[in-house]
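# I'd like to go over a predicted model; first the sequence, then the structure.
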Amino acid sequence: MAHTLEETARALVAPGKGILAADESDGTIKKRFDSIGIESTEENRRAYRDMLFTTAGAAEHISGVILFDETIRQSALDGTPFPKLLEQQGVIPGIKVDKGAKDLAHAPGEKITEGLDGLRERLAEYVGLGARFTKWRAVIAIGDGIPSEYCLWTNAHALARYAALSQEAGLVPIVEPEVLMDGDHSIETAFDVTSRTLHAVFTELRDQRVHFEQMLLKPNMVLSGYDASGRAGVQEVAEQTVRCFRRHVPAAVPGIVFLSGGQTDEDATAHLNAMNAMGPHPWELSFSYGRALQAPSLKAWAGDEANVAAGQAAYLHRAKMNGLARSGSYSPDLEKVAA
Ligand code: 13P
């Protein structure tokens, strides 16, 4: 069945649902596996993703899954290719298409995301493999004198080029400008940098004729730096984040799907919940979490087949909690009930 890009974008932010980011590159998944002391072999990576994607009941809270190039070509134990396995559950398969953040020339401490060369051809291949949406991540660091306008605008330009190519290929782009939470900066600084970033991103998207109705934005929340003293609480984060996005994100964009970016799982859920409790908003406010959906599951699994059920229970719990946060119906008490 053919789906329009608008339909796919809206389905990805359906009520009570959000996205699982399982698109860790080889380097990142190795880091995650190192933390549980297991080797990052192709079979271990397959088995781990198999556990997540076969979790019964997850599809009630998960609208789509972002895959990595290796994963979109892998299959479940019964031989079903992962994209098909997801579609069978009503979960939309997507694919990370950037080739990672590299050092930006003449800009110490800043990054530019690569992957535009040959992208049109790669997108056509991913369509053939069953992908219906894509993701591209730009990384913006906060530090002494950074980010520069140079870094913001070159990354915004690349994000827009990627988004236009995705739409041309019939794929919904998830545009991800991530302002990192590393550092001891205040929430005011995070607000200012996020605001400058969104200004550049939406200017480039518009100039490059990207259809706002056919995309999703995947940003950071507005947070105090990880190492800041007196970090902002849940209500302040929710208020500053909504204030910032209302200023910059056109109402034509169907949804904003936040990344978790190093927040604890429960903080990521509580922040999303507080924002939705302040609604209605011009767009859906949802999640596209990697670590905040997977961390407890990865730990429970620990690379042992005997722990698959425990890993799935941990993943299902986080998916449920974040599903409730989509309507402001989450409460931290629900964490204790599960424990
Ligand atoms: P986190 O939620 O772990 O930040 O990952 C989301 C993601 O896809 C980053 O590109």
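Yep, it's here.
# okay, and for this protein, where does confidence drop off?
1, 337-339 (pLDDT under 70).
# all helices in it, in order from the N-terminus.
Using DSSP state H, the helices of the chain run over residues 5-12, 26-35, 42-53, 69-72, 82-88, 119-128, 149-168, 187-207, 234-248, 265-277, 291-301, 308-325, 333-338.
# let me have those in CSV, extended by distance to the ligand.
Backbone N, C-alpha and C define where each C-beta goes, glycine included. Output for the helices of the chain, formatted as CSV (distance: least, CB to the nearest ligand atom, whole Å):
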stretch, distance to the ligand
helix 5-12, 14
helix 26-35, 9
helix 42-53, 14
helix 69-72, 13
helix 82-88, 16
helix 119-128, 17
helix 149-168, 13
helix 187-207, 15
helix 234-248, 15
helix 265-277, 7
helix 291-301, 3
helix 308-325, 11
helix 333-338, 18
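# what would these look like in a markdown table with mean neighbour count?
Formatted as a markdown table, the helices of the chain follow (neighbours: other CB atoms under 10 Å):
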| stretch | mean neighbour count |
| --- | --- |
| helix 5-12 | 19 |
| helix 26-35 | 14 |
| helix 42-53 | 19 |
| helix 69-72 | 20 |
| helix 82-88 | 19 |
| helix 119-128 | 15 |
| helix 149-168 | 21 |
| helix 187-207 | 19 |
| helix 234-248 | 18 |
| helix 265-277 | 22 |
| helix 291-301 | 22 |
| helix 308-325 | 21 |
| helix 333-338 | 11 |
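# just put the ones you listed in JSON lines and tack on distance to V179.
Formatted as JSON lines, these follow (distance: least, CB to CB, whole Å):
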{"stretch": "helix 5-12", "distance to V179": "22"}
{"stretch": "helix 26-35", "distance to V179": "18"}
{"stretch": "helix 42-53", "distance to V179": "27"}
{"stretch": "helix 69-72", "distance to V179": "26"}
{"stretch": "helix 82-88", "distance to V179": "30"}
{"stretch": "helix 119-128", "distance to V179": "24"}
{"stretch": "helix 149-168", "distance to V179": "10"}
{"stretch": "helix 187-207", "distance to V179": "5"}
{"stretch": "helix 234-248", "distance to V179": "10"}
{"stretch": "helix 265-277", "distance to V179": "15"}
{"stretch": "helix 291-301", "distance to V179": "16"}
{"stretch": "helix 308-325", "distance to V179": "21"}
{"stretch": "helix 333-338", "distance to V179": "28"}
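# quick one, which of those helices is nearest to H106?
helix 149-168 (8.0 Å; CB to CB).
# how far does the closest one sit from the chain's center?
17 Å (CA atoms, centre = their mean, to the nearest Å).
# which strands or helices does that helix pack on?
In terms of contacts (3 or more CB pairs under 8 Å, 6 or more residues apart in numbering; DSSP states H and E), helix 149-168 is packed against strand 111-113, helix 119-128, strand 133-140, strand 172-179, helix 187-207.
# dump it to CSV, keeping only the CA atoms.
The C-alpha coordinates for helix 149-168 follow below in CSV (Å, rounded to 0.1, in the frame of the first residue of the first chain):
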residue,chain,number,x,y,z
GLU,A,149,27.5,31.0,13.1
TYR,A,150,29.8,29.2,10.6
CYS,A,151,29.1,25.9,12.3
LEU,A,152,25.3,26.5,12.7
TRP,A,153,24.8,27.6,9.1
THR,A,154,26.9,24.9,7.4
ASN,A,155,25.2,22.2,9.4
ALA,A,156,21.7,23.8,8.7
HIS,A,157,22.6,23.9,5.0
ALA,A,158,23.5,20.2,5.0
LEU,A,159,20.4,19.2,6.9
ALA,A,160,18.2,21.0,4.4
ARG,A,161,20.0,19.4,1.4
TYR,A,162,19.4,16.0,3.0
ALA,A,163,15.8,16.8,3.8
ALA,A,164,15.0,17.9,0.2
LEU,A,165,16.6,14.8,-1.2
SER,A,166,14.7,12.6,1.2
GLN,A,167,11.4,14.1,0.2
GLU,A,168,12.3,13.8,-3.5
